[in-house]
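Asker: got a predicted model here, sequence first, then my questions.
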Amino acid sequence: MTRLHDVYPADRVVLREVGLRDGLQLVKSFPSTAAKIEWINSEYAAGVRNFEIGSFLPASRFPQFADVREVLAAVKALPGAHAVGLVLNDRGADDALAAGVDEIMCVVSATEAHSQANTRRSRAEAIAHVKRLCALRDASDHRPLVNAGIAMAFGCSISGAVDPDEVLSLAEALFEAGADIVGLADTVGFAGPDQVAALIKRTRAIAGDRAAAIHLHDTRGMAMANASAALDAGCRILDGSLGGLGGCPFAPGATGNAVFEDLVFLCETKGFATGIDLGKLIGIREILKREMPSETLYGQLARAGLPHATGAGAAGAGTI
């Protein structure tokens, strides 16, 4: 068994908490380092094992990630926990490798317009960056996994419709560059279930012994339907953030990531064991409410509660 399959077994669903990175990239306020570590430890106690811990970016521009090394250390202190860090350039890659992250995340855009707007480079340059990153991985002592996410894979708020064949060509190029995982991101929430299922199936067909992942935003309320379609199409790596934290600068006013708690509930109801205690997970939202009182938290499970008989109901109400 390879390290990839040790972390992401093909026969088991793995849910990744991306709230500590993607969830915090646009917030007006953010948790203290101590609160982030409390968040991690609490989710670990609830059964979560995969954490996107932050970005290796200049602290002067992204103060919410200035403590990324301390957050990484907190995850690495937990047996069996897996830490993922985002890098956008060669310096970030060097920093992430030196810090000892378990997995390095990088981004390639599905459209040229978004690539220039998001990272100020072409798609070809972004693929070349992934290739350099994989070479650095191969030369390193601990050989972290490399995860290349394709942003705007299901539609772009700048360019409009995205050809699935073009996305598949990008995925193929990323696997050829050495990526262990290619993620498909519905960055601005354009996707529907059929679109997600079709592209996941095609990506898995070219992945070989590598893996495909899905990263969904709930911009138009479709995240759970799309996650269900991804699961049915064989995807076993899915991202979400506690309370649906997150957003996208290219979709102003949009809600954030797929709600992690709702994602756990979806998987469990479809027969995929997650090992995550939902009651404990919902309670961890209190940390976010305390630390970021101005941020809106989302989630149907937190609103309605776990299913159980209440014995309540108005006689003659005629409900259906």
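Answerer: That came through, no problem.
Asker: only C-alpha atoms from now on, for both contacts and neighbour counts.
Answerer: Fine.
Asker: so residue 225 is in which element?
Answerer: Following DSSP states H and E, one finds residue 225 within helix 223-232.
Asker: let's see that helix as PDB, backbone CA atoms only.
Answerer: Presented in PDB, the C-alpha positions along helix 223-232 are these (Å, rounded to 0.1, in the frame of the first residue of the first chain):
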ATOM      1  CA  ALA A 223     -23.500  21.500  -2.300                       C
ATOM      2  CA  MET A 224     -25.100  18.500  -0.700                       C
ATOM      3  CA  ALA A 225     -26.800  17.300  -3.900                       C
ATOM      4  CA  ASN A 226     -23.500  17.600  -5.700                       C
ATOM      5  CA  ALA A 227     -21.700  15.800  -2.900                       C
ATOM      6  CA  SER A 228     -24.200  13.000  -3.100                       C
ATOM      7  CA  ALA A 229     -23.600  12.800  -6.900                       C
ATOM      8  CA  ALA A 230     -19.900  12.700  -6.400                       C
ATOM      9  CA  LEU A 231     -20.200   9.900  -3.900                       C
ATOM     10  CA  ASP A 232     -22.400   7.900  -6.300                       C
END
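Asker: can you name the next helix or strand after that helix?
Answerer: strand 237-240.
Asker: check which helices and strands that next one is in contact with.
Answerer: The elements that strand 237-240 packs onto, with contact taken as 3 or more Cα pairs under 8 Å, 6 or more residues apart in numbering; DSSP states H and E, are strand 14-17, strand 211-216, helix 260-269.
Asker: would CSV of those with mean pLDDT, mean neighbour count and distance to residue 203 be doable?
Answerer: As requested, the helices and strands packed on strand 237-240 are exported to CSV (pLDDT from 0 to 100; neighbours: other Cα atoms under 10 Å; distance: least, Cα to Cα, whole Å):
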stretch, mean pLDDT, mean neighbour count, distance to residue 203
strand 14-17, 98, 24, 18
strand 211-216, 98, 25, 7
helix 260-269, 98, 20, 21
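Asker: tabulate those (JSON lines), appending distance to residue 151.
Answerer: Listed next are these as JSON lines, based on distance: least, Cα to Cα, whole Å:
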{"stretch": "strand 14-17", "distance to residue 151": "17"}
{"stretch": "strand 211-216", "distance to residue 151": "9"}
{"stretch": "helix 260-269", "distance to residue 151": "20"}
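Asker: quick check: which of these is nearest to residue 123?
Answerer: Across those, residue 123 has its closest neighbour in strand 211-216 (19.3 Å, Cα to Cα).
Asker: for that closest one, output the C-alpha coordinates as CSV.
Answerer: C-alpha atoms of strand 211-216 as CSV (Å, rounded to 0.1, in the frame of the first residue of the first chain):
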residue,chain,number,x,y,z
ALA,A,211,-7.0,9.9,-6.6
ALA,A,212,-9.7,12.4,-7.5
ALA,A,213,-11.3,14.7,-4.9
ILE,A,214,-14.2,17.1,-4.9
HIS,A,215,-14.4,20.6,-3.4
LEU,A,216,-17.9,22.2,-3.3
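Asker: starting at the chain centroid, how far to that strand?
Answerer: 8 Å (Cα atoms, centre = their mean, to the nearest Å).
Asker: how about residues contacting that strand?
Answerer: 180-187, 189, 200, 203-204, 223, 226-227, 230, 235-240, 257-258 (Cα atoms under 8 Å, 6 or more residues apart in numbering).
Asker: contact partners for residue 14?
Answerer: Residue 14 sits next to 8, 50, 236-238, 274 when contact means Cα under 8 Å, 6+ apart.
Asker: with neighbour count, pLDDT and distance to residue 208 added, can I get the residues you listed in TSV?
Answerer: Converted to TSV, these look like this (neighbours: other Cα atoms under 10 Å; pLDDT from 0 to 100; distance: Cα to Cα, whole Å):
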residue	neighbour count	pLDDT	distance to residue 208
8	19	97	14
50	23	98	23
236	21	98	15
237	22	98	16
238	25	98	19
274	18	98	24
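Asker: which of those lies closest to residue 160?
Answerer: Of those, the one sitting nearest to residue 160 (Cα to Cα) turns out to be residue 238, at 24.6 Å.
Asker: that closest one against residue 16, yeah?
Answerer: Yes. Residue 238 is in contact with residue 16 according to Cα atoms under 8 Å; the separation is 6.2 Å.
Asker: any idea which of the helices and strands packed on strand 237-240 gets closest to residue 77?
Answerer: strand 14-17 (17.0 Å).
Asker: for that closest one, what is the distance to the chain centroid?
Answerer: Here the centre of strand 14-17 is set off from its chain's centre by 7 Å, with Cα atoms, centre = their mean.
Asker: can you check stretch 168-186 too?
Answerer: Distance of stretch 168-186 from the chain centroid (Cα atoms, centre = their mean) equals 15 Å.
Asker: any weak-confidence spans in the stretch 1-150 of the chain?
Answerer: 1 (pLDDT under 70).
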